[in-house]
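In: what's the 3D shape of this:
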Amino acid sequence: MTAPTHRTLKNWQFILALTSVFSLATLAAVWHVSQLQAQLIESTALKNARLLSDALTEFRTLYTSEVVRAAKQHGLEITHDYAIKENAIPLPATLSMLLGEKIGEHASGSKTTLYSPYPFPWRQQTGGLRDAFREEAWQFLGQNPDKPFYRFTERDGVKRLRYATADVMRPACVQCHNSHPQTPKNDWHAGDIRGVLEVDLPLDQVIAQTQADLKGTIAIFSAIALLSVVGIASVTSRLRRGAVDLQHRVEERTAELAEKAEMLEHSNRRIRQAEAASKAAQAELAESGARLQYLIDNNPAIIYSAVPTGDFKITFVSENLRHVLGYEPHEMLDDMNFWFEHIHPDDRLGLMQRLPQLLADGGQQNHDYRFRHRDGRYLWMHDRLRMVYDKSGTPLELLGSLLDISDRKAMEEALRIEKEALYQAQNQLLETNRLKSEFLANMSHELRTPLNAIIGFAGMLRKGIDGPLNDEQRKSVHFIENGGTQLLALINDVLDLSKIEAGHMELRLEPVVLALLFEEVTGSMAALFHDKGLTLQLEVEATLAPIRADATRLRQVMLNLLSNAVKFTDQGGVTVHCYQANTAMPDLPLVLRDHLDDERCWLVVAVQDSGIGIAEEDIHKVFEEFRQIDGSTTRKVGGTGLGMPISKRFVEMHGGSMWLESQPGQGTCVYFTLPMEDG
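Out: Here you go, the predicted model:
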């Protein structure tokens with residue numbers, strides 16, 4: 001082989017080797033760039049999802065504390081179906097989801113969802129744990145409420161990020177969730193995991209842009225490599241054709257050029273990476289700024305900032321200053337004294353005295369003061385001020401929010417006036433009631449004295465103290481005695497009622513054996529039942545212990561109940577049941593479940609008759625003073641309309657309750673309960 005041929009072969013071998021090296025280097029560089037871009041896509045997606053989730057959470061917190069609370073005080077309804085109701089605004093969760101949808105329309109199709117194992121009825125189809133990711137997210141966040149749970153998935157050919165955070169029950173939300181009539185769970189506590197806030201972020205646009213950038217990078221790398229190889233091969237060929245003594249210099253020059261090319265490529269790669277990172281950061285900053293501006297523009301409060309110094313110069317104010325107070329933002333920015341000059345003189349001094357403390361100590365201050373509207377009227381504003389610091393602790397600025405609370409203040413003033421009027425009316429009512437009770441007591445005393453004389457004299461006549469009476473005289477004396485006794489009973493009832501209403505009625509509590517007391521009462525009524533041909537049965541639980549009660553008042557209650565029963569019963573009879581019960585009993589009658597309020601032991605007395613019964617619409621009249629149910633039977637048997645109301649008062653004074661169950665033609669059952677713990 002001749003020397004030129006050998007050199008030519010070596011030239012081609014060198015060119016082939018150089019081409020292979022450049023190709024491998026280009027492929028390695030492209031692979032490395034693609035890996036970095038994939039990592040950048042995922043990290044950017046996670047950051048965007050976190051920012052969106054945090055923004056929705058903060059917006060929901062602000063909406064709950066600043067809007068919902070004020071709306072409730074204004075009588076507005078907070079509901080999920082606010083769009084079809086008047087005087088209603090959306091629930092915090094509903095508005096958060098709506099805001100997420102609106103942001104998604106301007107943010108590459110992102111979606112936000114709130115779900116929980118305990119969805120409200122109207123969210124059964126969308127709010128539950130409907131797939132494996134939701135179940136895994138619920139389990140993970142239940143154990144790690146302060147960490148996010150996410151997965152990169154693919155759906156319908158589009159790679160997506162599903163990013164979930166814990167929706168923690170806030171103190172301001174506990175009462176609403178526990179008391180809502182349709183709540184699936186009513187034992188929430190502050191700090192409980194109420195549900196999961198998920199951000200579903202599509203990555204197709206980012207991936208498409210990245211792939212396009214990667215193709216451009218490959219093309220540039222390939223062009224540089226090809227040009228470098230061609231150039232080096234050309235130079236090498238010319239140099240090798242020149243002279244053998246220049247071969248060493250050519251090889252050195254070739255190595256130098258290769259090193260510079262690699263350095264140039266490395267520099268270009270770093271420049272491109274820096275440009276890509278800068279563009280991504282600018283896009284993220286623009287997106288965050290747009291979201292922040294959206295929140296500011298849609299906030300009912302006026303957002304502003306000021307320098308953290310004594311002159312309190314305003315550096316920013318939101319556009320809704322124009323809608324709330326009628327001023328243009330530049331008016332407050334241009335005039336340093338604008339803010340203070342428009343505060344009501346009576347409120348200005350107190351505010352100026354407190355501001356230095358905020359400037360000195362930092363933290364947060366809340367102020368309520370009147371601010372002059374452009375039309376001259378003063379509006380009540382709630383001002384929340386907070387100092388913002390940098391990482392070194394140096395004050396950066398004062399952030400404030402002004403919220404119009406004029407309606408709330410007006411309602412508070414109206415409420416104060418109404419409360420004062422109610423207080424005065426209550427005092428007048430109490431005084432009137434006292435005078436009425438005093439009058440009734442005096443009248444009852446004055447009437448009882450002659451009535452006792454009439455009843456006593458009639459009894460003496462009936463016993464023949466002035467000689468025997470004929471039938472007509474005996475009938476007249478009986479009429480006088482019976483009428484006097486009924487009138488005396490009425491006066492006694494009126495006197496008892498007046499004492500109860502005046503708070504002068506006192507119970508004389510003592511151990512009472514119920515079986516003996518009830519036997520005494522039923523024994524005294526036996527003749528009356530016998531005369532009407534009615535049965536009277538007493539069923540007292542044998543194991544009943546004595547209870548502490550006023551025996552006289554308890555006897556009066558039983559006499560009233562039995563008297564009413566015998567009045568309105570013409571056939572059959574009356575049964576008195578007496579037993580103890582509590583809410584823990586598995587066989588507790590349904591009629592008692594709504595009247596035994598805890599697991600303590602109660603005495604239950606039921607007086608069941610087979611009389612005419614009472615219509616459902618008339619049952620409430622039974623316990624109203626001086627009220628009788630209309631009807632021929634009621635007019636026939638008579639009565640004052642005080643027996644049942646007084647009996648109910650006596651039972652309630654013992655700590656119990658009284659009610660009745662009845663249907664026309666099926667009799668009436670009157671129940672009353674007494675607590676047994678003190679017995």
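In: CA atoms only: put the helix or strand where residue 530 lies into CSV for me.
Out: Element membership of residue 530 [criterion: DSSP states H and E] is helix 514-532. In CSV, the C-alpha atoms belonging to helix 514-532 read as follows (Å, rounded to 0.1, in the frame of the first residue of the first chain):
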residue,chain,number,x,y,z
LEU,A,514,-96.8,6.6,94.8
ALA,A,515,-98.8,3.4,95.3
LEU,A,516,-100.3,4.8,98.5
LEU,A,517,-101.0,8.3,97.1
PHE,A,518,-102.6,6.9,93.9
GLU,A,519,-104.8,4.4,96.0
GLU,A,520,-105.9,7.3,98.1
VAL,A,521,-106.9,9.4,95.1
THR,A,522,-108.6,6.6,93.2
GLY,A,523,-110.4,5.7,96.5
SER,A,524,-111.8,9.2,96.8
MET,A,525,-113.1,9.1,93.2
ALA,A,526,-114.5,5.6,93.4
ALA,A,527,-118.1,6.7,94.3
LEU,A,528,-118.2,9.1,91.3
PHE,A,529,-117.1,6.3,88.9
HIS,A,530,-119.6,3.9,90.4
ASP,A,531,-122.4,6.4,90.0
LYS,A,532,-121.6,6.6,86.2
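In: Counting by contacts, list what that helix packs against.
Out: With contacts taken as 3 or more C-beta pairs under 8 Å, 6 or more residues apart in numbering; DSSP states H and E, helix 514-532 sits against strand 535-540, helix 551-567, strand 573-581. For every residue, glycine as well, the C-beta is placed using N, CA and C.
In: 10 Å - rerun?
Out: Packing contacts for helix 514-532, counted by 3 or more C-beta pairs under 10 Å, 6 or more residues apart in numbering; DSSP states H and E, involve strand 535-540, strand 547-549, helix 551-567, strand 573-581, strand 602-609.
In: Okay, buried residues for the longest one please.
Out: Pointing back at helix 551-567 there. 551, 553-558, 560-562, 564-567 (16 or more other C-beta atoms under 10 Å).
In: rewinding a little: any idea of the mean pLDDT for the helix holding residue 530?
Out: Taken as a whole, helix 514-532 has an average pLDDT of 89.
In: Tell me who's in contact with residue 569.
Out: Contact analysis of residue 569 by C-beta atoms under 10 Å, 6 or more residues apart in numbering lists 529, 532, 534-535, 609-612, 667-668.
In: filter these to the buried ones?
Out: 529, 534, 609-612, 667-668.
In: what distance separates the helix or strand hosting residue 460 from the centre of its chain?
Out: Using DSSP H and E, residue 460 maps to helix 406-462. Centre-to-centre, helix 406-462 and its host chain are 42 Å apart (C-alpha atoms, centre = their mean, to the nearest Å).
In: Which other helices and strands does it contact?
Out: Checked by 3+ C-beta pairs under 10 Å, 6+ apart, helix 406-462 has helix 69-73, strand 364-372, strand 378-389, helix 471-502 packed alongside it.
In: Nearest residue to residue 534 in space, please, no chain neighbours.
Out: If the residues on either side of it in the chain are set aside, residue 534 comes closest to residue 573, at 4.6 Å by C-beta to C-beta, 6 or more residues apart in numbering.
In: hang on, that neighbour packs against residue 529?
Out: Yes - here residue 573 reaches residue 529: they are 7.2 Å apart, a contact under C-beta atoms under 10 Å.
In: Quick check: neighbours shared by these two?
Out: Contacts common to residue 573 and residue 529, judged by C-beta under 10 Å, 6+ apart, are 535-536, 565-566.
In: I'd like the residues you listed as CSV, with pLDDT and distance to residue 227 appended.
Out: Shown next, in CSV, are the shared contacts of residue 573 and residue 529 (pLDDT from 0 to 100; distance: C-beta to C-beta, whole Å):
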residue, pLDDT, distance to residue 227
535, 92, 121
536, 92, 121
565, 91, 115
566, 91, 121
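In: which residues of the stretch 501-650 of the chain score low on pLDDT?
Out: 502, 504, 626-641 (pLDDT under 70).
In: correction: the stretch 251-400 of the chain
Out: Residues of the stretch 251-400 of the chain meeting the criterion pLDDT under 70: 285-299.
In: Apply 80 and report the result again.
Out: Across the stretch 251-400 of the chain, the ranges flagged by pLDDT under 80 are 261, 264, 267-268, 274-275, 278-300, 309-312, 334, 336, 359-362.
In: In it, mark out all the strands, start to finish.
Out: With DSSP state E, counting those that start in this stretch as the criterion, the stretch 251-400 of the chain has strands at 302-306, 314-317, 364-372, 378-389, 395-404.
In: of those, which approaches residue 601 most closely?
Out: Nearest of the strands of the stretch 251-400 of the chain to residue 601, taken as C-beta to C-beta: strand 364-372 at 50.7 Å.
In: Now that closest one: buried residues?
Out: Buried residues in strand 364-372, counted by 16+ other C-beta under 10 Å: 365, 367, 369-372.
In: any idea how far that strand is from the chain center?
Out: Put simply, strand 364-372 sits 27 Å off its chain's centre (C-alpha atoms, centre = their mean).
In: packing partners for that strand?
Out: Going by 3+ C-beta pairs under 10 Å, 6+ apart, strand 364-372 lies up against helix 321-325, helix 345-361, strand 378-389, strand 395-404, helix 406-462.
In: Compile these into JSON lines and extend it with columns for mean neighbour count and distance to residue 86.
Out: Below are the helices and strands packed on strand 364-372 laid out as JSON lines (neighbours: other C-beta atoms under 10 Å; distance: least, C-beta to C-beta, whole Å):
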{"stretch": "helix 321-325", "mean neighbour count": "17", "distance to residue 86": "23"}
{"stretch": "helix 345-361", "mean neighbour count": "12", "distance to residue 86": "35"}
{"stretch": "strand 378-389", "mean neighbour count": "18", "distance to residue 86": "25"}
{"stretch": "strand 395-404", "mean neighbour count": "19", "distance to residue 86": "22"}
{"stretch": "helix 406-462", "mean neighbour count": "13", "distance to residue 86": "17"}
